[in-house]
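Asks: got a structure for you, letters missing:
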(Lines give C-alpha, C1' and ligand atoms only; values in the text may rest on other atoms or scores of the structure.)
Protein backbone atom coordinates (compact mmCIF):
# COMPACT_ATOMS: atom_id res chain seq x y z
CA UNK A 1 0.00 0.00 0.00
CA UNK A 2 1.38 3.42 -0.90
CA UNK A 3 1.94 6.23 1.61
CA UNK A 4 -0.97 8.36 0.38
CA UNK A 5 -3.49 5.51 0.72
CA UNK A 6 -2.18 4.46 4.13
CA UNK A 7 -2.18 8.03 5.47
CA UNK A 8 -5.60 8.77 3.98
CA UNK A 9 -7.09 5.66 5.62
CA UNK A 10 -5.60 6.60 8.99
CA UNK A 11 -6.94 10.15 8.78
CA UNK A 12 -10.38 9.00 7.65
CA UNK A 13 -10.49 6.51 10.54
CA UNK A 14 -10.36 9.42 13.00
CA UNK A 15 -13.74 10.74 14.17
CA UNK A 16 -15.03 13.62 12.06
CA UNK A 17 -15.41 15.60 15.27
CA UNK A 18 -12.10 14.87 17.01
CA UNK A 19 -12.12 16.54 20.44
CA UNK A 20 -8.90 18.22 21.45
CA UNK A 21 -8.81 16.18 24.67
CA UNK A 22 -8.82 12.95 22.66
CA UNK A 23 -6.05 14.19 20.35
CA UNK A 24 -3.89 15.13 23.34
CA UNK A 25 -4.53 11.76 24.99
CA UNK A 26 -3.59 10.00 21.72
CA UNK A 27 -0.23 11.84 21.80
CA UNK A 28 -1.04 13.78 18.63
CA UNK A 29 0.80 17.05 18.17
CA UNK A 30 -1.90 19.67 18.71
CA UNK A 31 -2.00 23.30 17.66
CA UNK A 32 -4.83 25.35 19.08
CA UNK A 33 -5.58 29.02 19.55
CA UNK A 34 -4.94 28.63 23.28
CA UNK A 35 -1.81 26.48 23.58
CA UNK A 36 0.13 23.85 21.69
CA UNK A 37 0.14 20.37 23.19
CA UNK A 38 2.59 17.47 22.84
CA UNK A 39 5.24 19.75 21.32
CA UNK A 40 7.93 17.44 22.63
CA UNK A 41 6.60 14.73 20.29
CA UNK A 42 7.20 17.01 17.30
CA UNK A 43 10.75 17.75 18.43
CA UNK A 44 11.42 14.04 18.98
CA UNK A 45 10.25 13.44 15.40
CA UNK A 46 12.70 16.10 14.12
CA UNK A 47 15.53 14.56 16.18
CA UNK A 48 14.72 11.09 14.89
CA UNK A 49 14.69 12.29 11.29
CA UNK A 50 18.03 14.07 11.74
CA UNK A 51 19.43 10.72 12.94
CA UNK A 52 17.76 8.90 10.00
CA UNK A 53 15.40 7.01 12.33
CA UNK A 54 11.98 6.35 10.77
CA UNK A 55 9.10 7.97 12.64
CA UNK A 56 5.53 9.14 12.12
CA UNK A 57 3.33 11.71 13.89
CA UNK A 58 -0.15 13.14 13.53
CA UNK A 59 -0.56 16.91 13.70
CA UNK A 60 -4.02 18.26 14.49
CA UNK A 61 -4.77 21.98 14.07
CA UNK A 62 -7.89 23.36 15.74
CA UNK A 63 -9.53 26.48 14.38
CA UNK A 64 -10.44 29.56 16.36
CA UNK A 65 -14.02 29.80 15.13
CA UNK A 66 -15.00 26.25 16.06
CA UNK A 67 -12.77 24.11 18.24
CA UNK A 68 -14.57 21.00 17.01
CA UNK A 69 -13.33 21.59 13.45
CA UNK A 70 -9.81 20.53 12.81
CA UNK A 71 -7.23 20.03 10.11
CA UNK A 72 -5.65 16.60 10.38
CA UNK A 73 -2.28 15.66 8.95
CA UNK A 74 0.35 12.96 9.12
CA UNK A 75 4.06 13.64 8.87
CA UNK A 76 6.26 10.60 8.34
CA UNK A 77 9.96 10.04 7.82
CA UNK A 78 10.82 6.63 6.36
CA UNK A 79 14.59 6.90 6.78
CA UNK A 80 15.08 8.48 3.34
CA UNK A 81 12.32 11.00 2.71
CA UNK A 82 9.49 12.91 4.38
CA UNK A 83 5.88 12.16 3.52
CA UNK A 84 3.25 14.72 4.52
CA UNK A 85 -0.46 14.09 4.07
CA UNK A 86 -2.83 16.96 4.81
CA UNK A 87 -6.60 16.64 5.05
CA UNK A 88 -8.37 19.90 5.76
CA UNK A 89 -12.08 20.33 6.25
CA UNK A 90 -12.20 22.05 2.84
CA UNK A 91 -10.37 19.54 0.65
CA UNK A 92 -9.58 15.88 0.43
CA UNK A 93 -6.23 14.41 1.48
CA UNK A 94 -3.16 15.56 -0.42
CA UNK A 95 0.26 14.00 -0.02
CA UNK A 96 3.60 15.74 -0.50
CA UNK A 97 7.06 14.18 -0.61
CA UNK A 98 10.16 16.03 0.50
CA UNK A 99 13.80 15.87 1.42
CA UNK A 100 14.01 18.23 4.40
CA UNK A 101 12.15 20.12 7.12
CA UNK A 102 13.30 23.73 7.22
CA UNK A 103 13.00 25.85 10.36
CA UNK A 104 12.58 29.61 10.08
CA UNK A 105 11.77 32.42 12.50
CA UNK A 106 9.45 35.37 12.07
CA UNK A 107 8.03 38.15 14.19
CA UNK A 108 4.27 38.28 14.54
CA UNK A 109 3.43 41.50 16.33
CA UNK A 110 5.30 41.06 19.61
CA UNK A 111 5.77 37.30 19.38
CA UNK A 112 8.57 35.29 17.83
CA UNK A 113 7.14 32.42 15.78
CA UNK A 114 9.12 29.41 14.59
CA UNK A 115 7.80 27.82 11.40
CA UNK A 116 8.64 24.38 10.04
CA UNK A 117 8.19 23.74 6.31
CA UNK A 118 8.51 20.57 4.30
CA UNK A 119 10.83 21.21 1.36
CA UNK A 120 9.51 19.11 -1.49
CA UNK A 121 11.41 17.56 -4.36
CA UNK A 122 9.71 19.94 -6.80
CA UNK A 123 11.01 23.03 -4.95
CA UNK A 124 7.92 23.98 -2.94
CA UNK A 125 7.67 24.52 0.79
CA UNK A 126 4.58 23.46 2.76
CA UNK A 127 4.00 24.51 6.37
CA UNK A 128 3.74 21.52 8.69
CA UNK A 129 4.07 23.08 12.16
CA UNK A 130 4.66 26.37 13.97
CA UNK A 131 4.82 27.61 17.52
CA UNK A 132 5.35 30.70 19.57
CA UNK A 133 8.86 30.64 20.97
CA UNK A 134 7.51 31.49 24.44
CA UNK A 135 5.71 28.11 24.59
CA UNK A 136 8.95 26.16 24.63
CA UNK A 137 11.62 26.23 27.28
CA UNK A 138 14.82 26.56 25.23
CA UNK A 139 17.03 26.02 28.29
CA UNK A 140 16.27 22.27 28.29
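Replies: Looks like it came in fine. Everything quoted here is computed from the prediction, not taken from an experiment.

Asks: okay, now residue 108: neighbour count?
Replies: Residues near residue 108, counting by other Cβ atoms under 10 Å, number 9. Heads up, the C-betas are built off the backbone N, CA and C, glycines and all.

Asks: for residue 115, see how far away it is.
Replies: Here the criterion is Cβ to Cβ, to the nearest Å. By it, residue 108 lies 10 Å from residue 115.

Asks: ditto for residue 27
Replies: Plainly put, residue 27 is 23 Å away from residue 115 if you go by Cβ to Cβ.

Asks: ditto for residue 23
Replies: Using Cβ to Cβ, one obtains 21 Å as the distance from residue 23 to residue 115.

Asks: who has more neighbours, these two?
Replies: When residue 23 and residue 115 are compared on other Cβ under 10 Å, the one with more neighbours turns out to be residue 23, at 22 against 15.

Asks: secondary structure element holding that one?
Replies: With the criterion set as DSSP states H and E, the secondary-structure element containing residue 23 is helix 20-25.

Asks: does anything pack onto that helix? Which helices or strands?
Replies: Contacts defined by 3 or more Cβ pairs under 8 Å, 6 or more residues apart in numbering; DSSP states H and E place helix 20-25 against strand 29-31, strand 55-62.
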